[in-house]
Each structure stands twice: as C-alpha cells, then as structure tokens.
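Peer 1: Sequence plus predicted model, see below.
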Amino acid sequence: GRGPHAPAPAAWTGPARLVWLADLSARPPFGSRLFAGPGQRANPALTPARRSRHQRPGAPLHSQKPMQSMNPNAPAPASAEDEGVPVSTKIRERLKAARQRYHANDNIASFIQPGELEQLLDEVTAKMQGVLESLVIDTEDDHNTASTARRVAKMYVNEVFKGRYAAAPAITEFPNAERLNELMIVGPITVRSACSHHFCPVMGKLWIGVMPNERTNVIGLSKYARLAEWVMGRPQIQEEAVVQLADLIQQKTRPDGLALVMQATHFCMAWRGVKDVDSKMINSVMRGVFLTQPNLRREFLSLIPRD
C-alpha cells in the first residue's frame, strides 16, 4: 500500500487502450480483465460504464443502455410518435404501404406484429362498448350485458373471423407415390361463416372432388376441412368463398381436376329480411378435367348425397 502522502499513480498506456487508474486500492482481483495488458482488451462487462475511444481521460463516463429483451415474440417498444395511435391504424398503414388489399374476406395475418392481436382485441372491445351505449343498453346495471362488449370482441377476433388474423394452417404434403388417378370426394364438410353484408351466420355443407395425377401432392382428409375452416372463418360471400378455397386447394395439391359444391343457409335471409328459413344457396366451382369431361362431372355430382 502507499502512504497518505504518496503521489497518485500515473496513467498506464498500453497498445490496446488508455485506462485511468484512480486508486490502486480499488484494484480488481488477480486474473480479471478490467485492466488490459499488452495485446489484451479490457472486458467492458467489468467496467462500470463504457468510455468512448475518443473521450479524454477524466471525462464523465457514458452510461450503459439497458439490455433489450431477446424474446423474438415480444412486441417492439413503441416509439414516441406511435404513442396513442390505435393498433388498427398501424396495421392499416402497413397494408397501404405494401399496396395490399384488406377486404373483409382477405387474410392480413402477415401484417400483424407479435402482441398486436391482444391490443386489437382491446380496441374492438372499446368500440363495441360504444355500440352498446349507442343502442341505449345499460351495461352497468344489466348483468346480462355487463361483459358483452368483451365477449363479442373475442368472438369476432378469436373465433368467427379468425381466418382474417391467423396464418394458414400447416399442411403436410406428400408425393403421389402410388400414382393414384381415380376420383376422390371429401365431404360433407361443415361450413360456418358470416355474410359480409350483415355479419349474419352462413351455415352449410361442402363437398370437394379431386382428380389426382402422378404429380399431385397428397394431403390428409382432415386438412381439407382445416383449409375450409380457415377460408370460411372470415366475412364472406358464398360465391367468392368457394373460389378462394378452390384456388388454395389447387395450389396445395396441383390435381388434374378439382370440383367444389357448397350448399348453405344464409341467416341474413332467414333471420331478417324476408325471413325465409327454408331457402338455401348452392354453387359450384369446376376446374381442369371436371370442365372438359362431362362424364366425370356427372359422376362427381351423382355421388354427392342429397337431403
């Protein structure tokens, strides 16, 4: 040690950097790399703060910034200009910047960042509460509607319109090893959707006919139902929904022919308007050999059970 009147130690200059020794009594344990020797670098983790390489000795040290979360699913911290901006506005601006359509029956999952779906749920809840208040419903004293705004928001975002906000289901595809080339029909698949005009339920059945070839990808039977659920889980128009589903299945399987028939009851017609509960809508999409070979088309339609 040094006495109280001993001179302060001089600065030590190494080839790597300059470190100011304020007090040898505060020297770190032997073997640490707080002070660098020739050919070594000081360990910044052991220093109280990082010093700029151009900063003169004795100047105040730069304070260290807190480490950010390493979780890739954690939402990015909001910038100052984002404060108070509704999450729906942020998502909409991304869609517009990408020139991406966002109609009622479009999927926008790739434009929603981690953590934003829960924020969107909160925003829809607040807007739905405003709808109830505009309908002059006393949600404070009416126990039946006290939590209706949240329930409706969860129903739309997480259930009946989930096909807008969730990514496509994972589909495992296999090569047609057995070179199957016979007609295959899947159905009836239960269809649940909502019309984009009134948001009233659309309930029905769907049949899918596939004419494979040696290049066709084979997918499990349940995967047709999952793809149908994903496409129908949005506000839809039946004619457009069947075309969307046909495009998706054709892209996944690449068959020689594809046929879809959908039959559904529309509650916008049964529950309101003319209130006709017996009317149903039936439409079809025919692709490939189902268009060019009438006998194959008749075979497919004849094998669909009739009520």
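Peer 2: Everything's here; your move. Numbering: from 1, shown residues only.

Peer 1: and Pro169, how far is that from Thr125?
Peer 2: Pro169 sits 27 Å away from Thr125, going by CB to CB, to the nearest Å. Bear in mind the C-beta positions are built from the backbone N, C-alpha and C, glycine included.

Peer 1: Okay, strands next: where are they in the chain?
Peer 2: Shown for the chain, the strands assigned by DSSP state E span residues 12-13, 18-19, 174-175, 184-195, 201-211, 217-218, 235-236, 257-266, 281-288.

Peer 1: how about these in CSV, adding mean pLDDT?
Peer 2: Listed next are the strands of the chain as CSV, based on pLDDT from 0 to 100:
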stretch, mean pLDDT
strand 12-13, 46
strand 18-19, 38
strand 174-175, 77
strand 184-195, 95
strand 201-211, 96
strand 217-218, 82
strand 235-236, 97
strand 257-266, 96
strand 281-288, 96
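
Peer 1: Switch the ones you listed over to CSV; also include distance to Gly273.
Peer 2: Below are the strands of the chain laid out as CSV (distance: least, CB to CB, whole Å):
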stretch, distance to Gly273
strand 12-13, 89
strand 18-19, 82
strand 174-175, 46
strand 184-195, 11
strand 201-211, 14
strand 217-218, 43
strand 235-236, 17
strand 257-266, 10
strand 281-288, 14
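
Peer 1: If you count surrounding residues, which of Pro169 and Thr125 has more?
Peer 2: Just comparing Pro169 and Thr125: by other CB atoms under 10 Å the higher neighbour count belongs to Thr125, 19 against 13.

Peer 1: The closest residue in space to that one that isn't next to it in sequence: how many residues sit nearby?
Peer 2: In space, and not counting its chain neighbours, Thr125 is closest to Ala153: 4.2 Å by CB to CB, 6 or more residues apart in numbering. The tally of other residues near Ala153 (other CB under 10 Å) stands at 20.

Peer 1: So for stretch 219-238, first residue to last residue, what's the gap.
Peer 2: Start-to-end span of stretch 219-238 (CA to CA, to the nearest Å) is 24 Å.

Peer 1: Mind listing what's buried along that stretch?
Peer 2: For stretch 219-238, burial by neighbour count (16 or more other CB atoms under 10 Å) applies to 219, 223-238.

Peer 1: List the ones among these that fall in helices.
Peer 2: When DSSP state H is applied, these are split such that Lys223, Tyr224, Ala225, Arg226, Leu227, Ala228, Glu229, Trp230, Val231, Met232, Gln238 fall in helices.

Peer 1: Gln263 contacts Lys205, correct?
Peer 2: Yes - between Gln263 and Lys205 there is a contact at 5.4 Å, judged by CB atoms under 8 Å.

Peer 1: closest to Tyr165 out of the strands of the chain?
Peer 2: strand 235-236 (12.4 Å; CB to CB).

Peer 1: Find the least confident helix or strand in the chain, judged by mean pLDDT.
Peer 2: Lowest mean confidence among the helices and strands of the chain (mean pLDDT, DSSP states H and E): strand 18-19, at a mean of 38.

Peer 1: mind showing which ranges of the protein have poor pLDDT?
Peer 2: For the chain, the stretches with pLDDT under 70 are 1-81, 177-178, 307.

Peer 1: would you list every one of the helices in it?
Peer 2: According to DSSP H, the chain carries its helices in the segments 87-97, 116-134, 148-154, 162-165, 221-232, 238-253, 267-270, 289-292, 294-303.

Peer 1: chain center to stretch 174-187, what's the gap?
Peer 2: 31 Å (CA atoms, centre = their mean, to the nearest Å).

Peer 1: That one: end-to-end distance?
Peer 2: 21 Å.

Peer 1: In it, which residues are buried?
Peer 2: Buried, per 16+ other CB under 10 Å, within stretch 174-187: Asn176, Leu183, Val186, Gly187.

Peer 1: now do stretch 155-166
Peer 2: Within stretch 155-166, the residues that count as buried by 16+ other CB under 10 Å are Tyr156, Val157, Val160, Phe161, Lys162, Gly163, Arg164, Tyr165, Ala166.

Peer 1: ok, for Arg297, nearest residue in space, not its chain neighbours?
Peer 2: Leaving out its chain neighbours, the residue that sits closest to Arg297 by CB to CB, 6+ apart is Phe290, at 5.0 Å.

Peer 1: Share the number of residues neighbouring the one you found, please.
Peer 2: By other CB under 10 Å, 25 other residues sit near Phe290.

Peer 1: Many thanks, I have nothing further to ask.
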